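Student: here's a sequence, model it:
(2 chains)
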Protein chains: 2
Amino acid sequence: MRLEILCTGNELLDGSVVDTNSPYLMERTLALGLPVLRKETVPDDLEVIADAMRTIGARADVLIVSGGLGPTTDDLTVDAAALAAGVPLETDEAMLAHIKERFSRRGVTFTANNARLARVPKGGVAVTNPFGSAPMIALKVGKAEVFLLPGVPREFRGLCDQEIVPRLRERVLTAAGHTHLALRILKTYGIPESHLDELMKELPQRHPHVKLGFRTHAPENHLKLFAEGPSPEDAGARLAAAEAEARALLGHRCFGADAEEFPAAVLASLQKSGATLALAESCTAGLCASLLADVSGASRTLVSSAVVYQDQAKTQLLGVDAELVRRESAVSAPVTRALAEAARAKAGATYGLAITGWAGPGGGTERDPVGTVYIALAGPRGLVEQRHRFGFDRARVRLFAAYQALDLLRLEAEGVTP
Amino acid sequence: MRLEILCTGNELLDGSVVDTNSPYLMERTLALGLPVLRKETVPDDLEVIADAMRTIGARADVLIVSGGLGPTTDDLTVDAAALAAGVPLETDEAMLAHIKERFSRRGVTFTANNARLARVPKGGVAVTNPFGSAPMIALKVGKAEVFLLPGVPREFRGLCDQEIVPRLRERVLTAAGHTHLALRILKTYGIPESHLDELMKELPQRHPHVKLGFRTHAPENHLKLFAEGPSPEDAGARLAAAEAEARALLGHRCFGADAEEFPAAVLASLQKSGATLALAESCTAGLCASLLADVSGASRTLVSSAVVYQDQAKTQLLGVDAELVRRESAVSAPVTRALAEAARAKAGATYGLAITGWAGPGGGTERDPVGTVYIALAGPRGLVEQRHRFGFDRARVRLFAAYQALDLLRLEAEGVTP
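Tutor: Numbers count the residues shown, from 1 in each chain, chains lettered A, B, ... in the order given. Predicted coordinates:
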């Protein structure tokens, strides 16, 4: 079964909008064992859209089209589909009534151009869109079953999940000899991509129906497992076996799977024992606190963060000895240690975690050049200290420092000895 | 002159990689007055790549191809180009020597498969790539001038700027009757997109050669001005006239243009008078500090941020009366005011800026439902207070709260009365 995508819209060709609709669909159809074989991007031009539909309609079984379904005169996808299919446009009166009712319910005036939303190429079908006004339209162009979806990401994604994926799954389940896929993404921190590759190199031999993929989301590295099988259950069982082995090889470096995010994993580790956290952030300057606070319920665990950015703030907010800061420099093991201990004591928290460093491009010393980061973690089992070098890019140094500090905390809370 | 893009790579069709190379090129060619007219994405498949090149080569004048130039057997773009052009592959001995020398200089072993990097379709030219090993290749397919570029974004972008844009500019400058473009992006905060549209509605009448575009980067809204002219100077002069009028209409709501970022604009406003800043962040939890600290040189201005996340932290870090917090609730005008004043006093800073609020999904009260945010700014001219409602999405409430607080600070530092 040959699946293709056609994206329409000038904004996709002038660099102002990055197409995120296609990757969303691609991930989901791939999980059904249906890779997207080709994607074409065309401007808001009636003839060009129709020409692309005709070309793809001659070779594909299913074509998903994104964009150009709105009420304005530069929304041309329905017109182009009728042209490509060689059929006239008709108005779906039931859909028109539904759209008018939707406008009235929302207190929006129904202007005449909105009647365009109920036009359907003869022989096609309009499907109600619960996420917006423009319906999805299904029709045949050449040998391809074509689905026209709105380009608004929220609507595209909603219709993808609700209409497209179930239809494709149905087709796939009834197709003889179709290969089913099951997919798992294991997320890791603290292992370079090349080492991850090396660590997993024997897995495909023991699991011949499971393919591996690697993806870097710095500073995370993700391992993708694609299992194939003659049935969904079979693919699922093969995936589970390979996943168990991969997780055993990764150990504590795997912090989560699929939609699980790193900050939530850190908080979950702390919440197992009801631990609380006070931060003292200099070079990360609130990034650790902000990453954690993005997780709903973080306020149960995160007491505070003292962003002690200038030297004097270390004394003002946490009472660290100004003479120590002057003598040792703000970026040093003794000051970082003092910050971790003061943050913990002042908040009465289970853990005090401090980060200092030279994020660059200015600053740095001979002993501690730009990119140097000190981390100190004070907790019930005493003090853990680390020193790192994270390169020269300011944003990268700050992000890597935040991850490394939070991962140290996660491992300490899990009782893992690094 | 007809310009198209062809992207190759399985990773662009399985949802794992979003193509950012094309938008980079598209923005730059558009600024030359050369819109990209169509973009095709194909897998690592020799026949499919060659077929796409042949089809595009029959209609385009210039084709930029991204990806598939590496040394491994799934890098097929050079083979496909030779196939499409109907010519054999030859080895460019000078390029091969250069690549070997590059490997040796970097202390990397030159394995046999790297010789693939020096293969050129007969009649084509290999151009040294200063950003990586694989050279750029220029050749003719059909009527199109075709440029093969590596897919690695750093290499693609480097070669774009250094090789592609200058060649296209040269062609454009010598083409009779070519329309030149000049582009400016004006960045605004505090004006909804529909109001921006309304505010600018008479601009095109007074500047008939300038087109407007709108782009939302929540919570920023951007206004794009595209000026056309028979020469680059002419387009530039038309742009300057329209930009001056647009800036006058926008006033202080425009914080910058093109690559200028909001946090840098906030810091620049403070640095004009050498002002310093101490933050007290509850619901934003370090986001304000982190946004500012991403700007190089922020440490001259940002003294500290007390991320007083739990109630007790407001007392522990800034000495705010625990009884006041208990009585008024942590999310309230009096507590926010006390935090701003305490942050300012403790740091001895010019400004103290405090944010409290209910980010959701939990929390909120009848008086202050989820999405409610209090902001207080203490400074030399006294105290400014605001209360906002920012909807129900946690990440959005935090981001909008941070922007609103920092914008209040920017306007106060600029002496603008809101």
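
Student: and the helices in the stretch 1-150 of chain A?
Tutor: Secondary structure of the stretch 1-150 of chain A (DSSP state H, counting those that start in this stretch): helices at A:21-31, A:46-57, A:77-85, A:93-105.

Student: for chain A, which spans come out with low pLDDT?
Tutor: A:418 (pLDDT under 70).

Student: how close does residue A:161 get to residue A:167?
Tutor: For residue A:161, the distance to residue A:167 (C-beta to C-beta, to the nearest Å) stands at 11 Å. All C-beta spots, glycine's among them, are computed from the backbone N, C-alpha and C.

Student: now for the helix or strand where residue A:244 lies, which elements pack on it?
Tutor: In this assignment (DSSP states H and E), residue A:244 forms part of helix A:232-250. With contacts taken as 3 or more C-beta pairs under 8 Å, 6 or more residues apart in numbering or on different chains; DSSP states H and E, helix A:232-250 sits against strand A:180-189, helix A:203-206, strand A:210-217, strand A:220-229.

Student: what does that helix rub up against?
Tutor: With C-beta atoms under 8 Å, 6 or more residues apart in numbering or on different chains as the test, helix A:232-250 has contacts from A:33, A:173, A:180-184, A:186, A:188, A:191, A:199-200, A:203, A:206-207, A:209-210, A:223, A:225, A:227-229, A:254.

Student: and the residue of the stretch 101-250 of chain A found nearest chain B, what does it touch?
Tutor: For the stretch 101-250 of chain A and chain B, the shortest gap (C-beta to the nearest C-beta) falls at residue A:215, measuring 5.5 Å. Shown in contact with residue A:215 (C-beta under 8 Å, 6+ apart): A:185, A:221-222, A:224, B:16-17.

Student: do residue A:72 as well
Tutor: Contact analysis of residue A:72 by C-beta under 8 Å, 6+ apart lists residue A:113.

Student: that one and residue B:9, how far apart?
Tutor: 34 Å.

Student: quick one: which helix or strand includes the nearest residue to residue A:298 once chain neighbours are set aside?
Tutor: Nearest residue to residue A:298, sequence neighbours excluded (C-beta to C-beta, 6 or more residues apart in numbering or on different chains): residue A:292, at 4.9 Å. Residue A:292 is part of helix A:287-293 when elements are defined by DSSP H and E.

Student: return the distance of that helix from the chain's centre.
Tutor: Using C-alpha atoms, centre = their mean, to the nearest Å, the distance from the centre of helix A:287-293 to the centre of the chain it belongs to is 18 Å.

Student: for it, C-alpha coordinates in PDB please.
Tutor: Provided in PDB are the C-alpha atoms of helix A:287-293 (Å, rounded to 0.1, in the frame of the first residue of the first chain):
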ATOM      1  CA  LEU A 287      16.900  27.000  34.000                       C
ATOM      2  CA  CYS A 288      16.800  24.000  36.400                       C
ATOM      3  CA  ALA A 289      13.900  25.400  38.300                       C
ATOM      4  CA  SER A 290      12.000  26.400  35.200                       C
ATOM      5  CA  LEU A 291      12.500  22.900  33.600                       C
ATOM      6  CA  LEU A 292      11.000  21.300  36.800                       C
ATOM      7  CA  ALA A 293       8.200  23.900  37.200                       C
END
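
Student: from the stretch 251-400 of chain A, which residue is nearest to chain B?
Tutor: residue A:286 (2.5 Å).

Student: okay, now that residue: neighbour count?
Tutor: For residue A:286, the neighbour count with other C-beta atoms under 10 Å in any protein chain shown is 32.

Student: same thing with the one 4 residues further on?
Tutor: Residues near residue A:290, counting by other C-beta under 10 Å, number 27.

Student: also residue A:192?
Tutor: When counting by other C-beta under 10 Å, one arrives at 12 neighbours for residue A:192.

Student: my read is that it contacts residue A:220, right?
Tutor: No. The pair residue A:192 / residue A:220 is not scored as a contact, 11.5 Å apart, by C-beta atoms under 8 Å.

Student: tell me the residues of the stretch 101-250 of chain A that contact chain B?
Tutor: Residues of the stretch 101-250 of chain A found near chain B (C-beta under 8 Å from any C-beta of the partner chain) are A:213, A:215, A:224.

Student: show me what contacts the last one?
Tutor: Residues touching residue A:224, when contacts are defined by C-beta under 8 Å, 6+ apart, comprise A:183-186, A:212-215, B:16.

Student: quick one: buried ones out of the residues you listed?
Tutor: Buried subset of the contacts of residue A:224 (neighbour count, 16 or more other C-beta atoms under 10 Å in any protein chain shown): A:183-186, A:212, B:16.

Student: export these as TSV, with columns for distance to residue A:106.
Tutor: Shown next, in TSV, are the buried ones among the contacts of residue A:224 (distance: C-beta to C-beta, whole Å):
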residue	distance to residue A:106
A:183	38
A:184	41
A:185	38
A:186	43
A:212	48
B:16	38
